[in-house]
Structures are given as structure tokens and as C-alpha cells.
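[1] this one's structure only:
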Ligand code: KG4
Ligand code: ZN
């Protein structure tokens, strides 16, 4: 239900824009915690036939979609552009052409309505999705961020100070899901397809590697695991065997989940965090959500995860983090540019 105009006296209203990859999204969030609208236009159909995101096509589709998506987000929220207190956009990391659409549009809106624009780090946005699903959540906490482009263990020390404890040394978890799914002909994106298929499979049917690093216990590696699955698939095909797709999916997924759960819980215990959060597109994965919650419980750690729609890319999480940043005095100004390799902010 739209808010009344009087609520403006109490709430900071931020319009968020997310265009870092293949979702064009705009959202209005009140006070950084309440979603008034969250419109997501997916480009999955466009990229599906290529088996992955085609950057140039993504940018062009963002250009087409950004205006209607923003208009709809404002209309659903019940507020006008002039009512916004700030415009937030994903500044990076991501595909440069895709980011430029959102950043340029945010700057134009900011210029038009005279409100500040603020750049948001995409990973910080994913972490912030937890504040939307759990409005009482406050740092410090440990967050496992797993998406198509990132696998990070991050110490959230304050709402604007994030410290990376571990990261992937090669493929991101979601990237491994997508590549393994592609080899088995399960389509794009692969994560949801493998999640679904795994329900019917035996997670112990194949024993795939779980990589550990003696010198960096919180770092991840998924490329060896991905290659191991692809090798088994190729061997079975060469022999002319029918692929046990469900068993392969379940065994691969279990290997990813084991590594993520073990490292996240270990990091929480060793670094003294009593709260653990999960975020990013792969956080929609049913087995990961269940296993991490169970293991956190066993270790006396509180566990939080956003609702699935807030795990994959969306602008509500960007508006949420934008509100935090604008309240902390980090407005960007009209010089803001897209930063495809944006380092995680430790301001
Ligand atoms: O956060 P996101 O929407 O975009 C990036 O920032 O990368 O994450 C997309 C990734 C894709 O790799 C997709 O396959 C994966 O999240 N994903 C999943 C599931 N849903 C999405 N992975 C495993 N299980 C899922 N249910
Ligand atoms: Zn993302």
C-alpha cells in the first residue's frame, strides 16, 4: 500500500537503480529498511540462447528498459521523483556498458530533481539485502556473499565498513553452477536448474573435490571442482552412457555447499562473530540455505538470509545501501562514473 505524504517527514526515500549485469531494476525504499516498490526486468530470455550474458546485448536492453522500469517503480511506490531524497545506482563491479546505463540515468535524475546521487558497491548491496529482510539486523556480523561474479567472506564491521576475510581464487560459486549446467545442457542461468535437479539426485553418487588452502583457510576455489564434473560428463559421453544428470547435479551442489558452509562457520567461530549472514544469487540455493542454517545453529551462531527475491540482483538492495551511504555523508555528485573493477569500500 502506498505511504501517505505525511510520512515523508519521518522517512528518507531513496530511488535505487541496478544495471550491473542482466537485470534492469529500480526500487523505492523508505528509511533504508522498507521496500515500497522493487521492479525487476530480467533479460534471461535474451541471453538464454547464448548460454550466458552477452555484454553488448545487455547494455542495449538496459537502455530500452531503464525508463519504463524507473517509472513503474515510482508509480508503485506512490511517490514522485521530486519526493526522493537521493538517487542510488550500482557503480560497480559489473559489465561496464551495463553499469554506464544505470549510473548515467541516476545522474540525469539527480540533476533533474536536485537531489544527490550516490554510488553503491554491488557486493555491499547484496549484503544490505539482509537489512531489508531482517530490519533489526545490525553489524557487526560475518557475511558469505556468493553470486555469479563473487564468492567472498566479508566482515561487516559497521554499515559502511567491510573487510574481506576470504575470496575465490578463480571461479565464483555461481559461475561454477552456470558452467556445469551448460555442459549438461540445462540452460542459463544454471544455478536454479541444478538446485531443482538436485532434489531428485543422490549427493553421494560422485565424490567431487573440496579444495582447501593451508595458507588461506577462508579462500575458495571452484574451478577444479567444475573441471572434475566436466571430465566425468565427458568420460560418460565418450563411453556412450546415459548421463545421470540428477546425481551429477546433487553431487556437484553438495561439494559447493560443503565448502561454503565449512569455511563460513569456521571463519565465524575463529573470528568471533555470533551472527552469520548469507547473500548473493547463490543464496537462493535451497541446500545452501538449509545446511548453513543447521551448521550455524549447531555452533550457537545466529543465521540470517534474505528472502530469495532479494538474493538475486535487485534495486531494493541498492536503495537500502544507498540510504546508508547517503546518511553517512557519502553522496557521489555528478562526477560519478561506472567502475567495472570497483574495489570493496573499506571507508
Ligand atoms: O547475484 P546475482 O543475481 O548476479 C550476480 O551478481 O552475479 O547471481 C546470479 C548467480 C548465477 O550464477 C545463478 O546461477 C546463481 O546466482 N543462482 C543460483 C540459484 N539461483 C541463482 N545458484 C544456485 N542455486 C540457486 N537456486
Ligand atoms: Zn549480484
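    Received, thanks. What you see is a predicted model; the values in this text were computed from it and never measured. Ligands and ions are numbered 1, 2, ... in the order given.

[2] Is any residue of the strand or helix carrying residue 16 near ligand 1?
    For residue 16, the element it lies in under DSSP states H and E is strand 13-18. No - Strand 13-18 stays out of contact with ligand 1 when judged by CB under 6 Å from any ligand atom, the minimum separation being 9.4 Å. (Glycine included, C-beta is placed from N, CA and C.)

[3] Please name every helix or strand in contact with that strand.
    Contacts defined by 3 or more CB pairs under 8 Å, 6 or more residues apart in numbering; DSSP states H and E place strand 13-18 against strand 23-30, helix 55-77, strand 86-92, helix 96-113, helix 315-327.

[4] at 10 Å instead, please
    In this structure, strand 13-18 packs against strand 23-30, strand 34-42, helix 55-77, strand 86-92, helix 96-113, strand 117-121, helix 122-133, helix 315-327, with contacts taken as 3 or more CB pairs under 10 Å, 6 or more residues apart in numbering; DSSP states H and E.

[5] Note down every partner strand of the shortest one and its orientation.
    Meaning strand 117-121. With DSSP bridges as the test, strand 117-121 is paired with strand 86-92 (parallel).

[6] Could you check the angle the strand it pairs with makes with helix 96-113?
    Orientation of strand 86-92 against helix 96-113 (axes from the mean of the first three to the mean of the last three CA atoms, to 10 degrees) gives an angle of 160 degrees.

[7] How about strand 86-92 and ligand 1, touching?
    No - Strand 86-92 stays out of contact with ligand 1 when judged by CB under 6 Å from any ligand atom, the minimum separation being 9.6 Å.

[8] Wondering if that strand reaches ligand 2 at all.
    No - residues of strand 86-92 contacting ligand 2 under CB under 5 Å from the ion: none, with a closest distance of 8.7 Å.

[9] tell me how far that strand is from the chain's mean position?
    Using CA atoms, centre = their mean, to the nearest Å, the mean C-alpha position of strand 86-92 is found 15 Å from that of the whole chain.

[10] Check stretch 110-126 too.
    On the basis of CA atoms, centre = their mean, stretch 110-126 is displaced by 17 Å from the centre of the chain it belongs to.

[11] for stretch 116-135, same thing?
    In terms of CA atoms, centre = their mean, the gap separating the centre of stretch 116-135 from the centre of its chain is 10 Å.

[12] quick one on the thing from earlier: with distance to residue 334 added, can I get the helices and strands packed on strand 13-18 in a markdown table?
    Below are those laid out as a markdown table (distance: least, CB to CB, whole Å):
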| stretch | distance to residue 334 |
| --- | --- |
| strand 23-30 | 19 |
| strand 34-42 | 25 |
| helix 55-77 | 18 |
| strand 86-92 | 11 |
| helix 96-113 | 5 |
| strand 117-121 | 7 |
| helix 122-133 | 21 |
| helix 315-327 | 15 |
